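> predicted coordinates and the sequence they were generated for:
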Amino acid sequence: MTFFFYLFAGVAIGGGIGVVMSKNPVASLLFMVTTLAAMAGTFVLLEAHFLAAIQIIVYAGAIMVLFLFVIMLLNLGHDYRKDLKGGAFAVLSFGVIGSIAGLLATRLRTADAMPAEGAIAIDAALAEHGAVGAIAEPLYTTYVVPFEITGILLLVAIVGAVVLAKREV
């Protein structure tokens, strides 16, 4: 089990690096699908099968098709120009990434082995509502407004992409 966790973690990190480093937007999209599939594998290892299925169906399926549609609509696969310059920006980026990695490493080193209050609350919700109910109940009651706002933002992004891609006749 530990081997598969490290395998999925390595694939996810490699895919994330591929997303950022790829010059071709379609290749970057495929690296993102790889990363999302590796995250779904990690969810399966954590016995969160519903989240793994949602990860594949919603993110690796629907959202990636939407991204591919926008990439093809905007014709982003051609005329590559370097957007970011190296130098001070690269040094600053590596410094920020290093400090975040250091903070995460110290936090993981001092983490307790005992379950926290959040883990106990999650276990109680799973026992009461089941896996789907434990996710759906707060999503459609407590967080319904942020959920709807996210849908509106996705709609605005699609309309904006269509408007930007519209060619003058």
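Nice, I can see it. The structure displayed is predicted, hence computed values, not measured ones.

> give me the neighbour count for the nearest residue to Phe147 once chain neighbours are set aside.
If the residues on either side of it in the chain are set aside, Phe147 comes closest to Leu139, at 6.0 Å by CB to CB, 6 or more residues apart in numbering. All C-beta spots, glycine's among them, are computed from the backbone N, C-alpha and C. For Leu139, the number of neighbouring residues by other CB atoms under 10 Å comes to 12.

> surely Leu139 touches Glu148?
No: in this structure Leu139 lies outside contact range of Glu148 using CB atoms under 8 Å: 10.8 Å.

> how much space between Ile100 and Arg107?
11 Å (CB to CB, to the nearest Å).

> can you give me the helices for the protein?
2-21, 25-45, 49-54, 64-74, 88-109, 117-140, 144-165 (DSSP state H).

> please identify the most buried of those helices.
Highest mean neighbour count of these: helix 25-45, a mean of 19 (counted as mean count of other CB atoms under 10 Å).

> now do the domain split for this protein, please.
Each structural domain of the chain that the record assigns through automatic domain parsing is listed here as a residue range: 1-84, 117-169.

> the ones you listed into a markdown table, with extra columns for distance to Gly95?
Putting these into a markdown table (distance: least, CB to CB, whole Å) gives the following:
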| stretch | distance to Gly95 |
| --- | --- |
| domain 1-84 | 16 |
| domain 117-169 | 31 |
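
> same list (these) but as JSON lines, adding distance to Leu92 and mean pLDDT.
Below are these laid out as JSON lines (distance: least, CB to CB, whole Å; pLDDT from 0 to 100):
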{"stretch": "domain 1-84", "distance to Leu92": "11", "mean pLDDT": "82"}
{"stretch": "domain 117-169", "distance to Leu92": "28", "mean pLDDT": "82"}
